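Participant: Following is a predicted model, sequence given first.
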Amino acid sequence: MKRIVILTGAGVSAESGLGTFRDKDGLWTRYDLSQVATPDGFARNPALVHDFYNARRANAMDAMPNAAHAALARLQAARPGSVTLVTQNVDDLHERAGAQDVIHMHGQLMRALCAACGHRWDAPRVMAVDAACPGCGKPRTRPDIVWFGEIPYHMDRILAAIAACDLFVAIGTSGEVYPAAGFVEEAAMIGAETLEINLEPTPVPGRFDRVIEGPASETVPAWVDEVLGGAAPVA
Ligand code: OAD
């Protein structure tokens with residue numbers, strides 16, 4: 001059975017009402033990422049950083065998975081053990097659509113991390129600067145999010161899955177943030193097919209063997225139907 005690695009980005013959750021980062025009106029057009037998404041920014045103004053992620057957590061909790069999340073969960077369930085789902089997204093919409101094993105390489109909004117002892121736990125809806133870590137008691141709690149300058153999570157597992165895959169698919173990601181942006185080259189290097197599914201093709205022509213254009217809520221279910229058999233190839 002074909003081994004598939006899928007990398008998702010903010011575009012998969014866009015139709016659930018969660019903003020992307022780099023599109024028009026994206027989060028990074030409205031916020032300074034050096035203030036809210038770096039260890040230095042957190043050291044300078046932890047309250048501002050907590051406010052930013054508290055707002056994003058509230059948005060994510062109020063959002064519902066869309067047809068793209070549901071289709072990917074359906075694919076994973078239909079091909080047990082052969083579909084690795086990696087996401088750059090920090091929301092939990094893949095899980096809430098039924099995906100069983102989701103690799104969150106940039107962390108999770110719904111988890112908290114102690115900067116003092118490394119303990120992790122379920123984040124409350126609103127995190128506060130002075131909240132004590134349930135493990136060590138120190139008031140050094142932060143969202144369990146990978147910030148710029150930090151190393152993404154689960155890289156060994158992701159690179160091993162890519163090294164063994166037959167098909168690599170990037171869905172709803174601009175391909176601007178490394179190391180995720182380099183996964184397509186890793187996959188191509190070992191001879192895997194590569195597919196991009198995006199609202200519009202990302203700027204580097206020829207980077208993927210195949211591109212499917214359109215909103216994820218339509219293109220992803222159609223592609224999953226194609227993979228599972230019976231449907232004509234998506235144009
Ligand atoms: P970006 O905002 O960079 O890119 C979103 C992509 O989704 C773009 O290529 C859009 O064309 C596409 N898109 C938008 N709406 C879509 C739709 N309805 N259907 C399909 N595609 C759609 O977001 P990411 O690539 O996920 O990292 O950003 C990568 C990382 O940069 C994020 O994980 C975050 C950010 O800084 C951290 O915070 C560490």
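Facilitator: Right, received. Where do you want to start?
Participant: can we go C-alpha only for contacts and neighbour counts from here?
Facilitator: Will do.
Participant: Now do the buried residues in the least confident helix or strand in the chain by mean pLDDT.
Facilitator: Here the helix or strand of the chain ranked lowest by mean pLDDT, DSSP states H and E is helix 27-30, holding a mean of 90. Neighbour counts using 16 or more other CA atoms under 10 Å place W28 of helix 27-30 among the buried residues.
Participant: Is the next helix or strand after it in proximity to the ligand?
Facilitator: With elements assigned by DSSP states H and E, the helix or strand that comes after helix 27-30 is helix 33-36. No - Helix 33-36 lies out of reach of the ligand by CA under 6 Å from any ligand atom, never closer than 7.6 Å.
Participant: contacting residues around helix 33-36?
Facilitator: With CA atoms under 8 Å, 6 or more residues apart in numbering as the contact definition, helix 33-36 has outside contacts at 40-42, 45, 48-49, 52.
Participant: And P203, how close does it get to N54?
Facilitator: In this view, P203 and N54 are 33 Å apart by CA to CA, to the nearest Å.
Participant: Could you check which of the two is surrounded by more residues?
Facilitator: Looking at P203 and N54 with other CA atoms under 10 Å, you find the greater number of neighbours at N54, namely 21 against 9.
Participant: wait, that one sits on A123?
Facilitator: No - between N54 and A123 there is no contact, the gap being 9.9 Å when judged by CA atoms under 8 Å.
Participant: Please state the offset of the least confident helix or strand of the chain from the chain centre?
Facilitator: Put simply, helix 27-30 sits 18 Å off its chain's centre (CA atoms, centre = their mean, to the nearest Å).
Participant: Please apply the same query to stretch 85-105.
Facilitator: 7 Å.
Participant: And it, what's buried?
Facilitator: For stretch 85-105, by 16+ other CA under 10 Å, it's 85-94, 97-99, 103-105.
Participant: from the residues you listed, which ones fall inside helices?
Facilitator: Judged by DSSP state H, those include 93-94 as members of helices.
Participant: May I see the contacts of helix 33-36 organised as JSON lines, with neighbour count and secondary structure added?
Facilitator: Shown next, in JSON lines, are the contacts of helix 33-36 (neighbours: other CA atoms under 10 Å; DSSP: H, G, I helix; E, B strand; the rest coil):
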{"residue": "D40", "neighbour count": "15", "secondary structure": "helix"}
{"residue": "G41", "neighbour count": "17", "secondary structure": "helix"}
{"residue": "F42", "neighbour count": "18", "secondary structure": "helix"}
{"residue": "N45", "neighbour count": "13", "secondary structure": "coil"}
{"residue": "L48", "neighbour count": "15", "secondary structure": "helix"}
{"residue": "V49", "neighbour count": "21", "secondary structure": "helix"}
{"residue": "F52", "neighbour count": "15", "secondary structure": "helix"}
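Participant: In a markdown table: these, plus pLDDT and distance to the ligand.
Facilitator: What follows is those, written out as a markdown table (pLDDT from 0 to 100; distance: CA to the nearest ligand atom, whole Å):
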| residue | pLDDT | distance to the ligand |
| --- | --- | --- |
| D40 | 96 | 14 |
| G41 | 96 | 13 |
| F42 | 95 | 13 |
| N45 | 96 | 17 |
| L48 | 96 | 15 |
| V49 | 96 | 12 |
| F52 | 96 | 12 |
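Participant: ok, of the residues you listed, which one's closest to R140?
Facilitator: F42 (10.7 Å; CA to CA).
Participant: Would the top strand by length along the chain count as contacting the ligand?
Facilitator: Secondary structure of the chain per DSSP state E: the longest strand is strand 107-114. No - counting by CA under 6 Å from any ligand atom, the ligand is not contacted by strand 107-114; separation bottoms out at 8.1 Å.
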